[in-house]
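*Asks:* Prediction below, plus the sequence it came from.
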Amino acid sequence: MKKLALLLILTLPLAASAQNKKPTTLRGILLEQLRTTHSEEDWFVSANIAVANLTADQAKWTPSKDVHSVGQLANHLLFWNSHELAEFKGEKAPPFSGNNDETFNKFDAAQWADTVKKLDAIMTEWEKAVEEADDQKLADKASLIAHVGAHNAYHIGQIILVRKLQASWDPSQGVK
């Protein structure tokens, strides 16, 4: 019995470290970054939580003329995630005039629910593409994927700030 108890005590640190194991492969790191900016809770709020429970009127609200609305930010993320995923897959990207303002300003509040669904879908598609890519493609496109994740995190932070200014953010969702 004492040997069993000792064995159990000795294996607890191993079990704990296995549960907290972070990814060590390029694929694992890129997927972790994509997932934590999409739907998994980690160091910051994910996109799905950031845009949840927001009405179309709330999505179009801006604190001033120089600040984007949540809807504009989500529309921008949708555009660039779609554009860069097409590049990653070797497909034709959505048309882009070269004017980045258009990626924000083409937001239509009447399409808010659809924008939220499409953003979730494109972020899911990114994860699937990274899961399925061969190692060489991941190595070649790692910087692009990392920039997509960083870009998503940046604008999700802006979404949370706008929601805080609007008083539509629930601090129990991850940011006080």
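*Replies:* Arrived safely.
*Asks:* Show the secondary-structure elements that the longest helix anywhere in the chain is packed against.
*Replies:* In the chain, assigned by DSSP state H, the helix with the most residues is helix 135-166. For helix 135-166, the elements it packs on are helix 26-38, helix 47-51, helix 70-89, helix 112-132, judged by 3 or more CB pairs under 8 Å, 6 or more residues apart in numbering; DSSP states H and E. The C-beta positions use only the backbone N, C-alpha and C, and glycine is treated the same way.
*Asks:* can you rerun that using 10 Å?
*Replies:* Using 3 or more CB pairs under 10 Å, 6 or more residues apart in numbering; DSSP states H and E, the elements in contact with helix 135-166 are helix 26-38, helix 47-51, helix 56-60, helix 70-89, helix 112-132.
*Asks:* Which other helices and strands does the last one contact?
*Replies:* Helix 112-132 sits against helix 26-38, helix 47-51, helix 56-60, helix 70-89, helix 135-166, with contacts defined as 3+ CB pairs under 10 Å, 6+ apart.
*Asks:* Compare the ones you listed and give me the one nearest Lys118.
*Replies:* helix 70-89 (5.5 Å; CB to CB).
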